[in-house]
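Asker: No sequence on hand, only this structure:
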């Protein structure tokens, strides 16, 4: 009985660690898109013009594309809408507001998630 309980606790701990742990939402304004990277269903975007505090390379994964930030789900249509806005802003060198969360368990690119963007 004790062994089963210990195994359950261990499995719960392992499954809890597989998802990112985000703090309160942060916001930065007057940034422009610097780079966009697409790979294995995850989109990573970097920004310039202001600092995204706590984010590696001043960027993060787009929230809808990052299953780890969504309890294992990927939201393709939301990712595509965000990506089209970002591409448009990059072409026009448009300023935007970025709302993001910092992953307390992050170790690099997974330090931040981009939750929302607002084009000026």
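Answerer: Thanks, I have the structure now. Computed from a predicted structure; not experimentally measured.

Asker: average model confidence for the helix or strand harbouring residue 37?
Answerer: Residue 37 is part of strand 26-39 when elements are defined by DSSP states H and E. Strand 26-39 shows a mean pLDDT of 96.

Asker: Quickly run through the sheet partners of it, with directions.
Answerer: strand 42-48 (antiparallel), strand 96-102 (antiparallel) (DSSP bridges).

Asker: what does it contact?
Answerer: Residues from elsewhere that reach strand 26-39, judged by C-beta atoms under 8 Å, 6 or more residues apart in numbering: 43-54, 58-59, 83, 86-87, 89-90, 93-102, 120. For the C-beta atoms, the positions are set from N, CA and C on the backbone; glycine is no exception.

Asker: buried stuff in that strand?
Answerer: 26, 28, 31, 33 (16 or more other C-beta atoms under 10 Å).

Asker: Turn those residues into a markdown table, columns for distance to residue 112.
Answerer: Output for these, formatted as a markdown table (distance: C-beta to C-beta, whole Å):
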| residue | distance to residue 112 |
| --- | --- |
| 26 | 9 |
| 28 | 11 |
| 31 | 13 |
| 33 | 15 |
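
Asker: Residue 20: which of these is nearest?
Answerer: For the buried residues of strand 26-39, the closest approach to residue 20 (C-beta to C-beta) belongs to residue 26, at 14.7 Å.

Asker: And the closest one, how far from residue 88?
Answerer: Going from residue 26 to residue 88 by C-beta to C-beta, to the nearest Å gives 24 Å.

Asker: One more: residue 32?
Answerer: Residue 32 is 12 Å from residue 88, by C-beta to C-beta.

Asker: so what's in contact with these two at the same time?
Answerer: Residues touching both residue 32 and residue 88 (C-beta under 8 Å, 6+ apart) are residue 94.
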